[in-house]
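S.K.: Got a sequence here, can you build the structure:
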Amino acid sequence: MNARHLASRVALALACIIPTAQAQAPYPSKPVKLIVPFSAGGSTDLVARQIAQEMTARTGQSFVVDNKPGAGSTIGADFVAKAPADGYTLLLGTISSHATAVGLYPKLPYDPLKDFAPITEITAIPNLIVASPQNPRLADVKTLGDLVKLAKAKPGALTYGSSGSGSSNHLATEQLMAAAGLSLNHIPYKGSGPALSDVAAGHTDLMLDVVLSSLPQIKAGRLKALGITSLQRSPLLPDVPTVAEQGYPGFEMLGWYGLFAPAGTPPAVLERLSQDFTAVLRSDKMRTTLESQGGPAIASTPAEFAALIRSEITRWKKVVEQAGVKPE
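M.R.: The predicted model follows:
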């Protein structure tokens, strides 16, 4: 074999090897987008940015948060459902995008079960029943029992705020009203921030809101908490009794966050993501961060997370139908 033929064979062999090596580059080999289906600055966005920062540090590759809000989180979720299934576009989904949306939107553009590969549940945060201590209409209301007594004496007179029609805190309040036999007047807002501000000012009587955003106002004396929707009391507010222990056994409502990839993402990529996200969520830093915001670091397996989603879809579809809730 002469030198020219040998050089040709070497070049051919290299041409075959190089694309194969490139195709097998370890994941992740480029920046990963983490889609948040809500506006920047909210509780979901805050959790996403904390996790993205830790994933960037762990993998050495950038995890970049990209906010795509709208239509009760379904715009961002649909974007990820239709993204390339390569592991470089992920979703920080919630109870809104993957559970309540099924009952609210008859023509939901994606299937929460078929169009996504669940990776892990991040955390589950309870709501607090909050009101203003300066609200004269609620001057004698110190407990959930007091609130129920007043609401039954004046059906429809008390108002409650939510972050929008069909939002998780709206549906949680509907569930509470059904359990307690109450009739309250719903006032939907465009986001939980303005709703909570009106409750603190006494313009709206009460609201179910996540611990993360209510806690600072409770500590500042602008809100009082009448109950919490977890089955156990929160270590952040140990004096606030649960709804369950105030006469409604088994009552629980948790707003959960989780990570998803598009269906069809390669198993090896999903396994890597599951391992990395689990390690991040079980780190002392992330566990402490999530607990300070009102929820534990869960880090469930994909199978456990999928089972949760199926049960939550059934549960909240029933609540939507019974309450006759329609999205805005």
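S.K.: C-alpha coordinates for the strand or helix carrying residue 200, CSV please?
M.R.: Element membership for residue 200 (DSSP states H and E) is helix 192-201. Output of helix 192-201 as CSV, limited to C-alpha atoms (Å, rounded to 0.1, in the frame of the first residue of the first chain):
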residue,chain,number,x,y,z
SER,A,192,-51.5,36.9,43.6
GLY,A,193,-49.5,40.1,44.4
PRO,A,194,-52.4,42.6,43.9
ALA,A,195,-54.9,40.1,45.5
LEU,A,196,-52.8,39.8,48.7
SER,A,197,-52.3,43.6,48.8
ASP,A,198,-56.0,44.2,48.8
VAL,A,199,-56.5,41.6,51.6
ALA,A,200,-53.8,43.3,53.7
ALA,A,201,-55.5,46.6,53.1
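S.K.: tell me what it is packed against?
M.R.: strand 116-131, strand 159-162, strand 206-210, helix 211-219 (3 or more C-beta pairs under 8 Å, 6 or more residues apart in numbering; DSSP states H and E). In short, each C-beta sits where N, CA and C put it, glycine included.
S.K.: and these, which is most packed in?
M.R.: Greatest average neighbour count among those goes to strand 206-210 (a mean of 27), per mean count of other C-beta atoms under 10 Å.
S.K.: which residues in the protein form strands?
M.R.: Along the chain, counting by DSSP state E, strands occupy 32-36, 63-67, 89-94, 116-131, 159-162, 185-188, 206-210, 224-228, 254-262.
S.K.: okay, these in TSV with distance to residue 105 and mean pLDDT next?
M.R.: Listed next are these as TSV, based on distance: least, C-beta to C-beta, whole Å; pLDDT from 0 to 100:
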stretch	distance to residue 105	mean pLDDT
strand 32-36	18	98
strand 63-67	20	97
strand 89-94	15	97
strand 116-131	16	97
strand 159-162	17	96
strand 185-188	16	96
strand 206-210	22	95
strand 224-228	29	98
strand 254-262	18	96
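S.K.: To residue 54, which of those strands lies closest?
M.R.: Of all the strands of the chain, it is strand 63-67 that lies closest to residue 54, at 8.5 Å by C-beta to C-beta.
S.K.: Just the CA atoms of the closest one, as PDB, please.
M.R.: Only the C-alpha atoms of strand 63-67 are listed here, as PDB (Å, rounded to 0.1, in the frame of the first residue of the first chain):
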ATOM      1  CA  PHE A  63     -29.200  26.200  32.800                       C
ATOM      2  CA  VAL A  64     -31.100  29.400  31.700                       C
ATOM      3  CA  VAL A  65     -34.600  30.300  32.900                       C
ATOM      4  CA  ASP A  66     -36.900  31.500  30.200                       C
ATOM      5  CA  ASN A  67     -40.300  32.900  31.200                       C
END
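S.K.: Next, the buried residues of that strand.
M.R.: In terms of neighbour count (16 or more other C-beta atoms under 10 Å), strand 63-67 has its buried residues at 63, 65, 67.
S.K.: That'll do, ta.
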